[in-house]
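Asker: Fold the stuff below for me.
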Amino acid sequence: MKLEESTQYLRGFGAIEKECFNVYDTVSKKINHPESSLVLGMAYDSLKCSKIMQAILDCFDQANTENLKTKKDLTDLATQLSTFSKEIQRINCLNYQSSCEVLKELTKLEKFLTDAYSSYAHSTATNAIAQEVTKYSNANVENFAKVFEKIAEEKERHREELVEIIFALEQTEANRLRQITPVVKYQNPDAWIRGSTIQTFSTNLTTANSIE
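Answerer: Down below sits the predicted model:
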């Protein structure tokens with residue numbers, strides 16, 4: 001992967017992470033504790049990732065990168081996330097059903113990001129970045145790869161936490177309705193995800209397997 005394309009991905013990831021922060025921050029204000037605290041933590045994880053992307057970009061010669069475009073699919077996703085956040089802002093309070101639908105959509109987002117960062121980490125992109133940064137400071141290709149591998153691991157942890165939150169909400173609702181719900185240890189947390197009635201970005205998520 002050429003430096004230009006690699007940089008486009010960094011810009012795209014940064015834009016997505018900023019919007020992820022807005023989405024998670026908004027959701028955290030619409031649901032009850034303690035789930036809201038967990039979601040708020042995810043918001044600041046996303047903000048941290050956006051700053052990491054910007055810090056790497058700041059190492060480059062800005063004269064050579066400032067006019068570069070962002071990958072279209074990543075730009076589209078950032079735009080869809082912004083719309084999603086605004087839709088949630090218009091809701092006074094997320095009830096049980098809408099909370100679960102929103103969180104299920106976010107599990108799909110985190111799965112996409114997990115795959116995207118993992119693919120980026122194992123592509124030639126990290127080598128292109130390291131070679132460019134070396135012009136201005138010391139850099140190590142393996143360490144650059146580890147940065148994105150760690151982010152991918154964090155995104156997978158987010159997805160798992162979202163699954164746990166959904167199950168907790170379902171249990172709380174079951175208790176509220178005085179229904180007996182058997183506790184089932186799930187092996188495939190994605191198996192129960194059904195189509196959402198909320199019109200979001202999820203239907204347009206693309207795989208990250210095209211990163212080379």
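Asker: now the helices for this structure?
Answerer: Under the criterion DSSP state H, the chain contains helices at 3-28, 35-57, 62-65, 72-89, 96-121, 125-133, 141-176.
Asker: Reformat those helices as CSV; add mean pLDDT and mean neighbour count.
Answerer: No exception for glycine: its C-beta is placed from N, CA and C like everyone else's. Output for the helices of the chain, formatted as CSV (pLDDT from 0 to 100; neighbours: other CB atoms under 10 Å):
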stretch, mean pLDDT, mean neighbour count
helix 3-28, 90, 21
helix 35-57, 93, 18
helix 62-65, 52, 12
helix 72-89, 87, 17
helix 96-121, 90, 21
helix 125-133, 77, 19
helix 141-176, 87, 17
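Asker: which residue is nearest the centroid of the chain?
Answerer: Closest to where the C-alpha atoms of the chain average out (CA atoms, centre = their mean) is Glu110, at 4.5 Å.
Asker: what sits against the spatially closest residue to that residue that is not a sequence neighbour?
Answerer: Closest residue in space to Glu110, ignoring its immediate chain neighbours: Arg159 at 3.9 Å, by CB to CB, 6 or more residues apart in numbering. Arg159 sits next to Thr107, Glu110, Lys111, Thr114, Pro189 when contact means CB atoms under 8 Å, 6 or more residues apart in numbering.
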